[in-house]
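Q: pasting the structure only:
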């Protein structure tokens, strides 16, 4: 199954509470923190909530 590498590139300071909670749900805690998640619709939806804070790479 394909996977996504999600990296936080901007700070969550000053963002809305649901965006901060989304970063935590993805497993991101600080800038330059990366996690590998399965490519599922739920994860894609979380990434779509915070596209200005993260970068996404597809890993096969």
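A: Yep, it's here. Source: prediction; values computed, not measured.
Q: what's in contact with stretch 6-16?
A: With CB atoms under 8 Å, 6 or more residues apart in numbering as the test, stretch 6-16 has contacts from 19-20, 23, 26, 28-37, 43, 47, 50, 52-57. Quick note: C-beta positions are derived from backbone N, CA and C, even for glycine.
Q: Okay, and which of the residues you listed map to helices?
A: With helices taken from DSSP state H, the overlap with those comprises 19-20, 23, 26, 43, 47.
Q: in the chain, which spans are strands?
A: Listed in chain order, the strands of the chain (DSSP state E) span 3-8, 34-38, 54-59.
Q: which parts of the first one are buried?
A: Buried residues in strand 3-8, counting neighbours by 16 or more other CB atoms under 10 Å, are found at 4, 6, 8.
Q: what sits against residue 56?
A: 4-7, 47.
Q: In ChimeraX, select just the buried ones from the ones in helices among the contacts of stretch 6-16.
A: A single ChimeraX command selects the buried members of the ones in helices among the contacts of stretch 6-16 (16+ other CB under 10 Å):
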select :20,23,26,43,47
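Q: Dump the ones in helices among the contacts of stretch 6-16 to a markdown table, plus distance to residue 13 and pLDDT.
A: Below are the ones in helices among the contacts of stretch 6-16 laid out as a markdown table (distance: CB to CB, whole Å; pLDDT from 0 to 100):
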| residue | distance to residue 13 | pLDDT |
| --- | --- | --- |
| 19 | 11 | 98 |
| 20 | 9 | 98 |
| 23 | 11 | 98 |
| 26 | 17 | 98 |
| 43 | 24 | 97 |
| 47 | 20 | 98 |
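Q: Right, I'll leave it there.
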